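Peer 1: could you look at this predicted model? Sequence included:
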There are 2 protein chains.
Amino acid sequence: MSLTEIDKNEVDIVIGALHSDLTSFMNSWKPLFSGFHLIIVKDPDLKEELKIPEGFDINVYTKSDMDKVVGSSNSNMFSGYSCRYFGYLISKKKYIISVDDDCVPAKDPKGFLVDAVSQHINNLTSPATPLFFNTLYDPYSEGADFVRGYPFSLRSGVPCAVSCGLWLNLADLDAPTQALKTELRNSTYVDAVMTVPAKAMMPISGINIAFNRELVGPALVPSLRLAGEGKVRWETMEDVWCGMCIKVVCDHLGYGVKTGLPYVWRNERGDAVNSLRKEWEGMKLMEKSVSFFEFLRLPETALTVQDCVLELAKALKDQLGSSDPVFAQAADAMAKWIKLWTEANPSI
Amino acid sequence: MSLTEIDKNEVDIVIGALHSDLTSFMNSWKPLFSGFHLIIVKDPDLKEELKIPEGFDINVYTKSDMDKVVGSSNSNMFSGYSCRYFGYLISKKKYIISVDDDCVPAKDPKGFLVDAVSQHINNLTSPATPLFFNTLYDPYSEGADFVRGYPFSLRSGVPCAVSCGLWLNLADLDAPTQALKTELRNSTYVDAVMTVPAKAMMPISGINIAFNRELVGPALVPSLRLAGEGKVRWETMEDVWCGMCIKVVCDHLGYGVKTGLPYVWRNERGDAVNSLRKEWEGMKLMEKSVSFFEFLRLPETALTVQDCVLELAKALKDQLGSSDPVFAQAADAMAKWIKLWTEANPSI
């Protein structure tokens, strides 16, 4: 899909600013962000003034905006990487694209700049195929199709709700893995998009992501956090947990989640070894979460994303609430998020 | 994995000969087949003598061998593309690799010859991860690992039973698709192997495939055939149906199915338009098959592959046997296959 086919008015690019100087980040993205509206949300813990170059169509939101919209007692839910969720909450656009501020555009194996914005929109505007696996990858991409034996009744696919992009250079590993393999960098450019099959569990990363806000906006829910997490990706649990929730909601409502292209180039940040303690804490929580999600079945009465998230919160509290306080807190945060979302978006 | 790490005595390469002159096919594969034992099974309908170049370690099997092993009343089950199943039956090796005789070795984007044999064995000898999706593709391949959030308890994976390779040039499309898009050729080399998640349905193609015969041999079952099918891939249903069965058996027994690398280069063969009628017949059968497989649950008492195939045959007869005679015949063929397999392989 070329840029000209995108209605740029339907897209918000949401950037969480964890660092004050966005000059080189913004300039690297300039050719791709041009003509799009940007929402920059400043981490409420960041004290310095933001440095943003000129030439972009931007709204910047800070802690005072959060205080106004959700109340000052709630704005701490947007600290660190979670600040972007405020952008998701206040956007009015159909599509959201969000990229970490330590990522720059990647190049494909032929040396061409990867247009991550177009690729994400392309993923979201073409159908997804979660009900049957296509060995030939995305059947809707140019030069591809459905493999022999793919049922014709399933070839129209389902709406795609989420597009998960990938990472060159620094892959999205956890702290123990990166600490063990300090030299490991991702240099394999896999030229494919695929739909993750229904019922498969996956840890969606928030580093390079896009979604259809009208379809699943409220499922992008900030909720499960380790104490003090959120400034370093190694130790972030929130996006992974949120991703598990989104996948369950999409499966229940009949939407698809795609993964693969577009790649972004991740620059170095943080020290994996320093993050080890917190990450192990997160890993223990993941083990409990996996069996929770594996056996979770949302009731048929859950017809909207809001219903699904509330049912998920209820099941979480019932089943894991007493095993670790972080789960009970997550359940409360999910219920609170739905309340905030409904107030901010009465029509979705 | 380099060739030196493979115990070549554990591998049989099975080639179904649908054409009498295998000279150029064999010569193209010579550098990759060298040192491996080959089983060539001649299509029982093929009248001409086989032409096979020298320099290979080969056993050739023909209709008279089939008659001896399974009886002359059964040897018609091995006609056309199905002749390779005779090779699966009489092999005594742990791993089987099978490639159609219109495929030659592919080249990767850097121009290097793809070693399909090593790649298949590599896929089969490293674990599979069907229980949780890894967005970074095969975590066991060089330079890769598990993505952040991947549960540590699932990182040891499960045994890989099947490796499905892909196709450059002529992709494995069905007749209607290829007839509609006569110029469509697959030129995208996707540099990835992945495990297809548990519970996902997929149409496994027999064109370029490998499997662990000790784990799932009897599940490679020739059973569902259209009248007169089997000489042209466009119109072949048998491998697709067999693939659906294998996937269900692997899911039930806790084995993995991988797809992706290695690619082979498929040469032109057949006329898609001529095959349209039969293919549509197959497509109607697929629609019924999909809902059958979607809701199929093998009983917990099915502990071996043979148990699973017999249970599958029973369910098929019960649920679809009266809707189309081809399903009842397939169920009978599956039961017969298990009997033949058990006679030929008392220990597996």
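Peer 2: Ah, there it is.
Peer 1: neighbours of A:Phe293, just the number please.
Peer 2: By other Cβ atoms under 10 Å in any protein chain shown, 20 other residues sit near A:Phe293. For glycine as for every other residue, the C-beta is placed from the backbone atoms N, C-alpha and C.
Peer 1: same check on the one 3 residues further on?
Peer 2: The local packing count at A:Leu296 equals 18, with neighbours defined by other Cβ under 10 Å.
Peer 1: for it, give me phi and psi.
Peer 2: Backbone dihedrals for A:Leu296, given as degrees, to the nearest 10, come out at phi -70, psi 130.
Peer 1: and it, how far from B:Met237?
Peer 2: A:Leu296 sits 36 Å away from B:Met237, going by Cβ to Cβ, to the nearest Å.
Peer 1: likewise for A:Leu170?
Peer 2: 46 Å.
Peer 1: ok, the two, which is more surrounded?
Peer 2: Each of A:Leu170 and B:Met237 has its neighbours counted (other Cβ under 10 Å); B:Met237 has more, 27 against 22.
Peer 1: quick one: contacts for the residue lying closest to the more buried one once chain neighbours are set aside?
Peer 2: Excluding the flanking residues, the one nearest B:Met237 by Cβ to Cβ, 6 or more residues apart in numbering or on different chains is B:Gly282, at 4.2 Å. By Cβ atoms under 8 Å, 6 or more residues apart in numbering or on different chains, B:Gly282 lies in contact with B:174, B:226, B:229, B:235, B:237, B:240.
Peer 1: which one of these sits closest to A:Met286?
Peer 2: Among those, B:Val240 lies closest to A:Met286 (Cβ to Cβ), at 36.5 Å.
Peer 1: quick one: residues contacting the residue of the stretch 201-348 of chain A found nearest chain B.
Peer 2: The nearest approach of the stretch 201-348 of chain A to chain B comes at A:Pro203, 2.9 Å away (Cβ to the nearest Cβ). Contact analysis of A:Pro203 by Cβ under 8 Å, 6+ apart lists A:240, A:243-244, A:286, B:132, B:135, B:147-150.
Peer 1: now do it against A:Val305, distance only.
Peer 2: According to Cβ to Cβ, A:Pro203 stands 20 Å off from A:Val305.
Peer 1: same question for A:Leu285.
Peer 2: Distance check for A:Leu285 against A:Val305: by Cβ to Cβ, it reads 24 Å.
Peer 1: between these two, which one's more packed in?
Peer 2: Neighbours were counted for A:Leu285 and for A:Val305 using other Cβ under 10 Å; A:Val305 has more, 26 against 21.
Peer 1: isn't that one right next to A:Val249, touching?
Peer 2: Yes: A:Val305 is in contact with A:Val249 according to Cβ atoms under 8 Å; the separation is 5.9 Å.
Peer 1: identify the contacts common to those two.
Peer 2: Common contacts of A:Val305 and A:Val249 (Cβ under 8 Å, 6+ apart): A:216, A:219.
Peer 1: follow-up on the earlier one: excluding chain neighbours, what is closest to the residue of the stretch 201-348 of chain A closest to chain B?
Peer 2: Using Cβ to Cβ, 6+ apart, the nearest residue to A:Pro203 is B:Gly149, at 2.9 Å.
Peer 1: list the residues that contact the one you found.
Peer 2: If you count contacts by Cβ under 8 Å, 6+ apart, B:Gly149 has them with A:174, A:203, A:205, A:237, A:240, A:243, A:286.
Peer 1: now the one helix or strand the residue nearest to B:Met237 maps to: average pLDDT?
Peer 2: In the assignment (DSSP states H and E), B:Gly282 maps to helix B:276-295. Averaged across helix B:276-295, pLDDT comes to 83.
Peer 1: how distant is it from the center of its chain?
Peer 2: 19 Å (Cα atoms, centre = their mean, to the nearest Å).
Peer 1: list of residues touching the helix or strand just after that helix?
Peer 2: Sequence-wise, the next helix or strand downstream of helix B:276-295 (DSSP H and E) is helix B:305-320. With Cβ under 8 Å, 6+ apart as the test, helix B:305-320 has contacts from B:215-219, B:221, B:245, B:248-249, B:252-253, B:288-289, B:292, B:296, B:298-299, B:301-302, B:327-328, B:330-332, B:334-335, B:337-338, B:341-342.
Peer 1: how far does helix B:305-320 sit from its chain's centre?
Peer 2: Here the centre of helix B:305-320 is set off from its chain's centre by 20 Å, with Cα atoms, centre = their mean.
Peer 1: do the following helix or strand past it and chain A meet at all?
Peer 2: Heading C-terminal from helix B:305-320, the first helix or strand you meet, by DSSP H and E, is helix B:325-344. No: using Cβ under 8 Å from any Cβ of the partner chain, helix B:325-344 never reaches chain A; the gap is at least 14.8 Å.
Peer 1: could you look up the SS state of the residue in the stretch 51-200 of chain A that chain B sits nearest to?
Peer 2: Nearest to chain B in the stretch 51-200 of chain A, going by Cβ to the nearest Cβ, is A:Gly149, at a distance of 2.9 Å. Assigned with DSSP: H, G, I helix; E, B strand; the rest coil, A:Gly149 falls in the coil class.
Peer 1: so which residues of the stretch 51-200 of chain A form strands?
Peer 2: Using DSSP state E, counting those that start in this stretch, the strands found in the stretch 51-200 of chain A span residues A:57-61, A:95-99, A:103-105, A:160-169, A:193-195.
Peer 1: against which helices or strands is the first one packed?
Peer 2: In terms of contacts (3 or more Cβ pairs under 8 Å, 6 or more residues apart in numbering or on different chains; DSSP states H and E), strand A:57-61 is packed against strand A:37-42, helix A:83-90.
Peer 1: try the last one
Peer 2: With contacts taken as 3+ Cβ pairs under 8 Å, 6+ apart, strand A:193-195 sits against strand A:256-266.
Peer 1: sheet partners, orientation included, of the strand it packs on?
Peer 2: strand A:103-105 (antiparallel), strand A:160-169 (parallel), strand A:193-195 (antiparallel) (DSSP bridges).
Peer 1: closest one to A:Gly71 among those?
Peer 2: strand A:160-169 (28.8 Å).
Peer 1: just the angle for the closest one relative to strand A:95-99, thanks.
Peer 2: 20 degrees (axes from the mean of the first three to the mean of the last three Cα atoms, to 10 degrees).
Peer 1: just the buried residues of strand A:160-169, please?
Peer 2: Buried residues in strand A:160-169, counted by 16 or more other Cβ atoms under 10 Å in any protein chain shown: A:160-169.
Peer 1: repeat that for stretch A:225-242.
Peer 2: A:225-226, A:229-242.
Peer 1: also stretch A:44-57?
Peer 2: A:44, A:46, A:50, A:52, A:56.
Peer 1: can I get those in JSON lines with pLDDT and distance to B:Ser126?
Peer 2: Putting the buried residues of stretch A:44-57 into JSON lines (pLDDT from 0 to 100; distance: Cβ to Cβ, whole Å) gives the following:
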{"residue": "A:Pro44", "pLDDT": "94", "distance to B:Ser126": "45"}
{"residue": "A:Leu46", "pLDDT": "94", "distance to B:Ser126": "44"}
{"residue": "A:Leu50", "pLDDT": "97", "distance to B:Ser126": "47"}
{"residue": "A:Ile52", "pLDDT": "97", "distance to B:Ser126": "47"}
{"residue": "A:Phe56", "pLDDT": "97", "distance to B:Ser126": "46"}
